[in-house]
Structures are given as C-alpha cells and as structure tokens.
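> okay, structure incoming, though there's no sequence with it:
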C-alpha cells in the first residue's frame with residue numbers, strides 16, 4: 001500500500017506541475033491575443049484553445065488537489081460526531097465517490113472512442129480532440145485512485161481499536 005501511495009504522490013505532484021504549466025501557457029495565449037488585437041489582428045480560434053487548455057488544467061489539477069486536500073469539505077453535520085464515526089462516514093462516502101469518478105472516467109473513454117470512430121473534429125481548428133478526452137479520462141482515473149487511497153485510510157482509521 002505504501003508503494004501505491006508513493007507512486008500516486010509522485011504522479012500527482014507531476015500532474016500539478018503540468019497543470020501549472022498549462023495555466024501559464026493559457027495566460028500567455030490570452031495576453032498575446034489581446035495585445036495582437038491592439039496591434040494587428042487577433043489569433044483565430046483562441047476561444048477553442050482556451051477551452052481545451054481550461055479542461056486540461058482542471059483535469060491535471062484533480063489528483064494534486066486531492067493530495068493537498070485543496071477541495072471544499074462541508075463538515076457541518078459531522079463535526080459534532082466522534083472522530084471514528086466521522087472517519088467512517090468520510091471513508092464510506094469517499095468509496096462512493098471512487099465509484100462515481102471511476103464510472104466517469106470509463107464514460108469519457110467510451111465517448112472518446114465514439115468520437116474516434118466517427119471522425120469527429122473540433123469546430124474551428126478541425127483537429128481530432130479525442131486524445132484530449134483520453135488524457136482527461138486518465139486524470140479522472142488517477143483522481144479516483146487518490147480518493148481510494150484516502151478513503152481506505154479513513155475506513156481503517158474508523159475500524160481500528
């Protein structure tokens with residue numbers, strides 16, 4: 001289990017760096033497009049590229065944010081429960097979330113496969129974007145793995161004597 005945690009941490013850290021680099025590239029694209037609009041003509045299809053970059057940033061940030069617990073947790077109800085009960089509830093709900101995100105990754109892969117078979121292209125750039133969906137699916141799957149690790153830790157915390 002410790003090897004899985006270390007591997008997930010290493011991959012999550014790498015994905016956080018990629019998300020940061022994608023964010024910088026998105027900002028550079030938008031800023032240079034605004035400047036180009038003032039000087040000459042703007043880049044074509046900037047909105048499409050910004051959309052793709054935004055989706056990739058969100059996807060790559062998922063495992064890293066799970067590792068850092070950078071998400072919103074509402075513990076209004078459970079804050080009054082004993083620690084073991086709270087850990088059990090969080091663990092079980094985390095396992096439900098693992099199932100949901102696992103199914104989401106699977107459906108994204110199914111959608112990407114369908115787009116590949118039909119030859120679906122983007123509207124402006126006319127590129128196949130199913131590879132981007134495969135990347136998003138991998139990120140969602142790794143997020144589910146991080147959730148599984150966290151949930152198993154919470155469940156074991158709840159059942160230990």
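Noted; the coordinates are in hand. All figures in this text were calculated on a predicted structure; none of them were measured in a lab. Residues are numbered from 1 along each chain as shown.
> list the buried residues in the helix ranked longest in the chain.
In the chain, with assignment by DSSP state H, the single longest helix is helix 2-39. Of all the residues in helix 2-39, those buried under the rule 16 or more other Cβ atoms under 10 Å are 8, 11, 12, 15, 16, 18, 19, 22, 23, 26, 30, 33. (Glycine included, C-beta is placed from N, CA and C.)
> just these now: which is nearest residue 147?
The closest of the buried residues of helix 2-39 to residue 147 turns out to be residue 8 (Cβ to Cβ; 10.2 Å).
> give me every residue that touches that closest one.
Residues in contact with residue 8 (Cβ atoms under 8 Å, 6 or more residues apart in numbering) are 63, 67, 142, 145, 146, 149.
> hmm, back to that, how about the following helix or strand past the longest helix of the chain: buried residues?
Downstream of helix 2-39, the next assigned helix or strand under DSSP states H and E is helix 46-68. When burial is assessed from 16+ other Cβ under 10 Å, helix 46-68 yields the following buried residues: 46, 49, 52-53, 55-57, 59-67.
> least trustworthy position among those residues, going by pLDDT?
Within these, residue 67 has the lowest pLDDT, namely 82.
> compute the distance between it and residue 57, please.
In this structure, residue 67 and residue 57 are 16 Å apart, going by Cβ to Cβ, to the nearest Å.
> residue 90 too?
Applying Cβ to Cβ, the value for residue 90 to residue 57 is 27 Å.
> again with residue 32
To residue 57, residue 32 is 18 Å away according to Cβ to Cβ.
> show me where pLDDT drops low in this structure?
Along the chain, no part satisfies pLDDT under 70.
> what residues does residue 127 make contact with?
Neighbouring residues of residue 127 by Cβ under 8 Å, 6+ apart: residue 121.
> ditto for residue 101
By Cβ under 8 Å, 6+ apart, residue 101 lies in contact with 140, 141, 143, 144, 147.
> excluding chain neighbours, what is closest to it?
For residue 101, ignoring the flanking residues on the chain, the nearest one in space by Cβ to Cβ, 6 or more residues apart in numbering is residue 144 at 4.0 Å.
> how far away from the center of its chain is the helix or strand harbouring that neighbour?
Using DSSP H and E, residue 144 maps to helix 130-159. Distance, stretch centre to chain centre, for helix 130-159: 9 Å (Cα atoms, centre = their mean, to the nearest Å).
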